[in-house]
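*Asks:* could you work out the structure for the sequence below:
(one chain, ligands or ions: 1)
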Amino acid sequence: MRAKQNKRVLLGMSGGTDSSVAAIILQDAGYEVTGITFRFYEKDAHTEYLDDAAELCTRLHIPHLVYDAREIFQQRIITYFINEYLKGRTPVPCTLCNNLLKWPLLQQVADEQDIYHIATGHYVQKVLHNGRWHISAGSDPDKDQSFFLWGLSQETLQRMLLPMGNLTKKEVRALAAERGFTKMAHKRDSQGVCFCPGDYRTFLREHTETGKIVPGIFYNEAGIPIGTHEGYPFYTIGQRRRLGIYQNQALFVKQIIPETNAVIICNRLQALEHNGMYLSHWYLACPDEIIGSNDEIIVKIRYRKQANRCRVTLTADNRLHVCLHEPLASIACGQAAVFYRNNIVLGGGIIDAVVE
Ligand SMILES: Nc1ncnc2c1ncn2[C@@H]1O[C@H](COP(=O)(O)OP(=O)(O)OP(=O)(O)O)[C@@H](O)[C@H]1O
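*Replies:* Prediction:
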């Protein structure tokens, strides 16, 4: 049953600095906090994060729940991640995890426990805009995670508390230290995708059947072989490093063709540019405000340092057509495109195709 409004909050606790400080802030604000740690993936059976979260809850005198989500994480995130690379696409596991697992699971367990609010240590804020809740960018531009949270339901957004939204990471570390949580204050930030923080290629190699990823040929734009690659899933559109082809010029991955295990290389950045893209699996908080609108809409396809103006229309097959005002390089299918206006997240979708 859906929980009624109350002063209780279920906080996702990873054992890291941000969610630990979030617990302290929520408690200070008078909320009755319950911590929950999802077991998503444990490399080499490493469970220290569970102990860290439990220890913090003990110190704060709050209950700590553990939820085993390993099977669902394997099915919905890891299998998807591997399959996307095998299709020659570039997946977005963190976006999917947030939209399909982390927040929906928080809400589900909160309802089971009769807890109204749900919270995380994400560096984002929320705003009510034209009667609908939206995620907006966090105050710390270096930590802003709004790019990952475009697919949440109105109910989730309404119940969300986001204690990190108006803080910088520096302030968060200082707060942990000031309150005597020294270990938390100095914990390293998590890097990249949680189940393969290092090189995703090693992970793919270890988690795909032998024979699925085999060496193939690099071709130039004229179709002439120019080298051997290690297997098409190990490359991403726009990739420039680790190609293993040595020429007196910069080279980029332009196209990946899984059917023939071919990777096409170009030597001009302009060859990677496109004027638009099509999105599937899209979600817009207020579709009428975006589809067909002539007001400025910003689209981002990367977590950092990119923002293009665009116009959005709906296609007959229910995809979004994003028409870019200026061309954009290295649009990879499988990646997310996220719409913003004045730092407010309007929605997003998964890139399905580029406009040639
Ligand atoms: N295993 C988990 N169980 C419960 N909540 C989680 C888990 N992993 C992450 N979260 C929640 O999602 C938020 C964002 O996670 P993410 O891994 O992107 O950030 P982070 O900067 O590493 O956060 P933290 O410092 O809290 O580990 C965390 O602050 C936490 O509230």
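
*Asks:* for the stretch 1-150 of the chain, what lies in contact range of the ligand?
*Replies:* The stretch 1-150 of the chain comes close to the ligand at residues 12-14, 16-19, 36-38, 40, 102, 120-122, as judged by C-beta under 6 Å from any ligand atom. Backbone N, C-alpha and C define where each C-beta goes, glycine included.

*Asks:* the closest residue to the ligand within the stretch 151-300 of the chain: what's it in contact with?
*Replies:* Across the stretch 151-300 of the chain, no residue is closer to the ligand than residue 190, which sits at 3.5 Å (C-beta to the nearest ligand atom). When contacts are counted by C-beta atoms under 8 Å, 6 or more residues apart in numbering, residue 190 touches 14, 16, 197.

*Asks:* apart from its neighbours in sequence, what residue is nearest the closest residue to the ligand within the chain?
*Replies:* The ligand sits closest to residue 16 of the chain, with a gap of 2.1 Å, by C-beta to the nearest ligand atom. Ranked by C-beta to C-beta, 6 or more residues apart in numbering and with sequence neighbours excluded, the top spatial neighbour of residue 16 is residue 187, at 5.8 Å.

*Asks:* isn't the one you found right up against residue 18?
*Replies:* No - with contact defined as C-beta atoms under 8 Å, residue 187 does not count as touching residue 18 (9.3 Å).

*Asks:* between those two, which has more neighbouring residues?
*Replies:* More neighbours surround residue 18 than the other of residue 187 and residue 18, with 26 against 17 (other C-beta atoms under 10 Å).

*Asks:* now render the contacts of residue 190 as a markdown table, adding neighbour count and secondary structure.
*Replies:* Putting the contacts of residue 190 into a markdown table (neighbours: other C-beta atoms under 10 Å; DSSP: H, G, I helix; E, B strand; the rest coil) gives the following:
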| residue | neighbour count | secondary structure |
| --- | --- | --- |
| 14 | 20 | coil |
| 16 | 18 | coil |
| 197 | 12 | coil |
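
*Asks:* so which residues of this protein form helices?
*Replies:* Shown for the chain, the helices assigned by DSSP state H span residues 17-28, 48-60, 70-73, 79-86, 93-96, 103-112, 154-159, 169-178, 182-186, 200-207, 287-290.

*Asks:* and the fourth one, what does it pack onto?
*Replies:* Meaning helix 79-86. Secondary-structure packing of helix 79-86 (3 or more C-beta pairs under 8 Å, 6 or more residues apart in numbering; DSSP states H and E): helix 93-96, helix 200-207.

*Asks:* any idea of the mean pLDDT for it?
*Replies:* Mean per-residue pLDDT for helix 79-86: 97.

*Asks:* what sits against residue 244?
*Replies:* By C-beta under 8 Å, 6+ apart, the neighbours of residue 244 are 227, 228, 229, 230.

*Asks:* so the third one versus residue 219, what's the distance?
*Replies:* Between residue 229 and residue 219 the computed distance is 10 Å (C-beta to C-beta, to the nearest Å).

*Asks:* quick one, domains of this structure?
*Replies:* What automatic domain parsing lists as the domains of the chain is 8-186, 214-267, 273-355.

*Asks:* chain center to the second one, what's the gap?
*Replies:* Shown here is domain 214-267, whose average C-alpha point lies 26 Å from the average C-alpha point of the whole chain (C-alpha atoms, centre = their mean, to the nearest Å).

*Asks:* for that domain, the averaged confidence score.
*Replies:* 95.

*Asks:* okay, how far is it across that domain, tip to tip?
*Replies:* The straight-line separation of the ends of domain 214-267 (C-alpha to C-alpha, to the nearest Å) is 25 Å.

*Asks:* ok, back up a step: so what sits against both of residue 229 and residue 219?
*Replies:* residue 263.

*Asks:* tell me which residue of this protein is furthest from the middle?
*Replies:* residue 224 (36.7 Å; C-alpha atoms, centre = their mean).

*Asks:* list the contacts of residue 328.
*Replies:* Shown in contact with residue 328 (C-beta under 8 Å, 6+ apart): 273, 274, 301, 306, 308.

*Asks:* if you set the cut-off to 7 Å instead, what comes out?
*Replies:* 273, 274, 308 (C-beta atoms under 7 Å, 6 or more residues apart in numbering).

*Asks:* neighbours around the closest residue to the second one other than its chain neighbours, how many?
*Replies:* Using C-beta to C-beta, 6+ apart and skipping residues adjacent in sequence, the residue nearest residue 274 is residue 354, 4.4 Å away. As a burial measure, residue 354 scores 18 neighbours (other C-beta under 10 Å).

*Asks:* which pLDDT does the model give residue 354?
*Replies:* Looking at residue 354, its pLDDT reads 95.

*Asks:* okay, the one helix or strand in the chain whose mean pLDDT sits lowest in CSV with CA atoms only?
*Replies:* Lowest by mean pLDDT, DSSP states H and E among the helices and strands of the chain is helix 182-186, with a mean of 86. Only the C-alpha atoms of helix 182-186 are listed here, as CSV (Å, rounded to 0.1, in the frame of the first residue of the first chain):
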residue,chain,number,x,y,z
THR,A,182,36.6,10.8,9.6
LYS,A,183,36.5,7.7,7.4
MET,A,184,33.5,9.1,5.5
ALA,A,185,35.2,12.5,5.1
HIS,A,186,38.1,10.9,3.3
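
*Asks:* nice, that's everything, thank you.
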